[in-house]
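Chemist: quick one, fold the following:
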Amino acid sequence: MLYSASSKRARDEIDPVTNKARKERPRPLSWLTDDLRLHIAAQLDDSDDCASLCLADPRLGLLALQSPQLKPHFNTPLFGVAMRLKTGGFINEALLRRYAADSRSERAGCEWLERKNGGRPCIQVDIIKRREQGPEVEEYDLKERWRLETEEGAVIVQLRYHSGMVCHYEGGERGRERMVRCDSGKIGWKAFYGCASLASITISDSVMQIGTLAFYDCTSLASIVIPASVTQISDYAFQGCTSLASITILGSVTHLGDGAFKGCASLASITILGSVTHIGDETFSGCTSLMSITIPGSVTQIGWRAFYGCASLASIAIPASVKHIGTFAFYGCASLTSITIPDLVSRIQWSAFSDCTSLSSITILGSVKQIDRGAWSAFEANGYR
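Modeler: Numbers count the residues shown, from 1 in each chain. Sure, this is the predicted structure:
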């Protein structure tokens, strides 16, 4: 026998025992008006409250989600944790590490997790305050560090001193940390100094400056992309990163500090885009594998020993905007075969191209007024004048 959906619904509403119409059970909170629902939703204090009301009444959860004041409670990894706890889950180290790897992890969230852990010794929030001093700190200042760690003391996530960086530690080991957020907009002085096991890092778009010695001697770091938000790469930021093979500098960087990539012996190519005006002293000194580099037309100055000892550099295009080429700038670039000096350069400094043993062609545009002694000694030694 065929019957419509309406006839089936009507049959289901008859109680088979009493043969009377069955009263419809109201869904939880279904009797509330939308205004009253929103009033209740406005009293939510955290992601735990949001999870409770979403499970009690999904419609109320949708209304709460539409409220600008309540969206932050949903747009956090803690909401997912709260939903998991409400449905029978529990906090373990794997869950904590997933939270730590999220770019929204923060101290308040770690303290919330500690409270929700019910006193079980799975996690511990360690908050330390003490006075720190460094070369970029003008005066003693009270700094705070917080970290989330396991009972065994393995660090999961930590806010570093001075830098404003929140770092997620893989396996709890120094050298395997990953930056998940930078509140200060700056990767600070010696932030990852000597992290020999650090193989990769993602720099977020909130970072505007990479500090002095930030990645000094990170000998396992293989590649780096500098996002468009960064305007300055400070002195010796990547010095001694001997495994660093490629670098891409996007967008807004205007200053490459002294020795920024000094001694990066594996660096084969580098692309500089955007607004760089100054290549500092020794910026690429000792990059013995460097074969090609793209210098943007915004560069006006190439500093002292900027490409010193780049023995694999076979060609380089010096843009027309360059006004100054420093002493020893290309000293020992043994593979360099030709060079063109742009129109705005008025002086070729002492030993600027000295010991460039393959140099056979030099083109000087414009009005160079002074050529210092030994500017290209190897070129002269080969019989060229």
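Chemist: shaky segments in the stretch 51-200 of the chain?
Modeler: 118-145, 151, 160-165, 171-176, 179-184 (pLDDT under 70).
Chemist: rerun at 80
Modeler: Within the stretch 51-200 of the chain, the stretches with pLDDT under 80 are 53, 56-75, 88-111, 113-185, 188, 197-200.
Chemist: do the stretch 201-350 of the chain as well
Modeler: Judged by pLDDT under 80, the stretches of the stretch 201-350 of the chain that qualify are 201-202, 204, 206, 251, 273-274.
Chemist: and the strands in it?
Modeler: Assigned by DSSP state E, counting those that start in this stretch, the stretch 201-350 of the chain shows strands spanning 209-210, 223-226, 232-233, 246-249, 255-256, 269-272, 278-279, 292-294, 301-302, 324-325, 338-341, 347-348.
Chemist: which strands border the third one, and is each parallel or antiparallel?
Modeler: For strand 232-233, sheet partners with direction are given as strand 209-210 (parallel), strand 255-256 (parallel), following DSSP bridges.
Chemist: any idea which element H73 lies in?
Modeler: helix 71-74 (DSSP states H and E).
Chemist: buried residues in that helix?
Modeler: Within helix 71-74, the residues scored as buried using 16 or more other C-beta atoms under 10 Å are H73, F74. All C-beta spots, glycine's among them, are computed from the backbone N, C-alpha and C.
Chemist: now that helix - C-alpha only, PDB.
Modeler: This file holds the C-alpha atoms of helix 71-74, laid out as PDB (Å, rounded to 0.1, in the frame of the first residue of the first chain):
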ATOM      1  CA  LYS A  71      33.000  34.700  17.000                       C
ATOM      2  CA  PRO A  72      36.400  34.700  18.800                       C
ATOM      3  CA  HIS A  73      35.100  31.900  21.000                       C
ATOM      4  CA  PHE A  74      34.500  29.800  17.900                       C
END
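Chemist: just the CA atoms of the helix or strand just after it, as CSV, please.
Modeler: For helix 71-74, the succeeding helix or strand toward the C-terminus, using DSSP H and E, is helix 77-86. Taking Å, rounded to 0.1, in the frame of the first residue of the first chain, the C-alpha atoms of helix 77-86 are listed here in CSV:
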residue,chain,number,x,y,z
PRO,A,77,41.5,25.7,18.6
LEU,A,78,40.1,25.6,22.1
PHE,A,79,36.5,25.3,20.7
GLY,A,80,37.5,22.1,19.0
VAL,A,81,39.1,20.8,22.2
ALA,A,82,36.0,21.7,24.2
MET,A,83,33.7,19.9,21.8
ARG,A,84,35.9,16.8,22.0
LEU,A,85,35.9,16.9,25.8
LYS,A,86,32.1,17.3,25.9
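Chemist: hmm, back to that, can I get the strands paired with strand 232-233 in a markdown table including distance to H324?
Modeler: Output for these, formatted as a markdown table (distance: least, C-beta to C-beta, whole Å):
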| stretch | distance to H324 |
| --- | --- |
| strand 209-210 | 24 |
| strand 255-256 | 15 |
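Chemist: would you list the ones you listed in TSV and tack on distance to P342 and mean neighbour count?
Modeler: Shown next, in TSV, are the strands paired with strand 232-233 (distance: least, C-beta to C-beta, whole Å; neighbours: other C-beta atoms under 10 Å):
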stretch	distance to P342	mean neighbour count
strand 209-210	29	22
strand 255-256	19	22
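Chemist: out of those strands, nearest to S358?
Modeler: Among the strands paired with strand 232-233, the nearest to S358 by C-beta to C-beta is strand 255-256 (26.0 Å).
Chemist: from the chain's centre, how far out does that closest one sit?
Modeler: In terms of C-alpha atoms, centre = their mean, to the nearest Å, the centre of strand 255-256 is set 18 Å apart from its chain centre.
Chemist: can you give the contact residues for that strand?
Modeler: Residues from elsewhere that reach strand 255-256, judged by C-beta atoms under 8 Å, 6 or more residues apart in numbering: T231, Q232, I233, I249, I272, V276, T277, H278, I279, G280, T283.
Chemist: what subset of the residues you listed is buried?
Modeler: Buried members of the contacts of strand 255-256, scored by 16+ other C-beta under 10 Å, are T231, Q232, I233, I249, I272, V276, H278, I279, G280, T283.
Chemist: all helices for the protein, in order.
Modeler: For the chain, the helices defined by DSSP state H occupy 5-12, 34-41, 47-56, 58-65, 71-74, 77-86, 93-100, 107-116, 377-381.
Chemist: closest one to H324 among the ones you listed?
Modeler: Per C-beta to C-beta, nearest to H324 of those: helix 377-381, 20.3 Å.
Chemist: export the strands of the stretch 201-350 of the chain to a markdown table and tack on distance to M83?
Modeler: What follows is the strands of the stretch 201-350 of the chain, written out as a markdown table (distance: least, C-beta to C-beta, whole Å):
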| stretch | distance to M83 |
| --- | --- |
| strand 209-210 | 38 |
| strand 223-226 | 35 |
| strand 232-233 | 42 |
| strand 246-249 | 39 |
| strand 255-256 | 47 |
| strand 269-272 | 44 |
| strand 278-279 | 51 |
| strand 292-294 | 49 |
| strand 301-302 | 56 |
| strand 324-325 | 61 |
| strand 338-341 | 64 |
| strand 347-348 | 68 |
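Chemist: skipping adjacent residues, who's closest to Q43 in space?
Modeler: Excluding the flanking residues, the one nearest Q43 by C-beta to C-beta, 6 or more residues apart in numbering is D49, at 7.8 Å.
Chemist: burial of the one you found, as a residue count?
Modeler: By other C-beta atoms under 10 Å, 17 other residues sit near D49.
Chemist: pLDDT score for it?
Modeler: Per-residue pLDDT puts D49 at 82.
Chemist: if we can go back for a sec, for L359, which of the strands of the stretch 201-350 of the chain is the nearest?
Modeler: Nearest of the strands of the stretch 201-350 of the chain to L359, taken as C-beta to C-beta: strand 338-341 at 6.7 Å.
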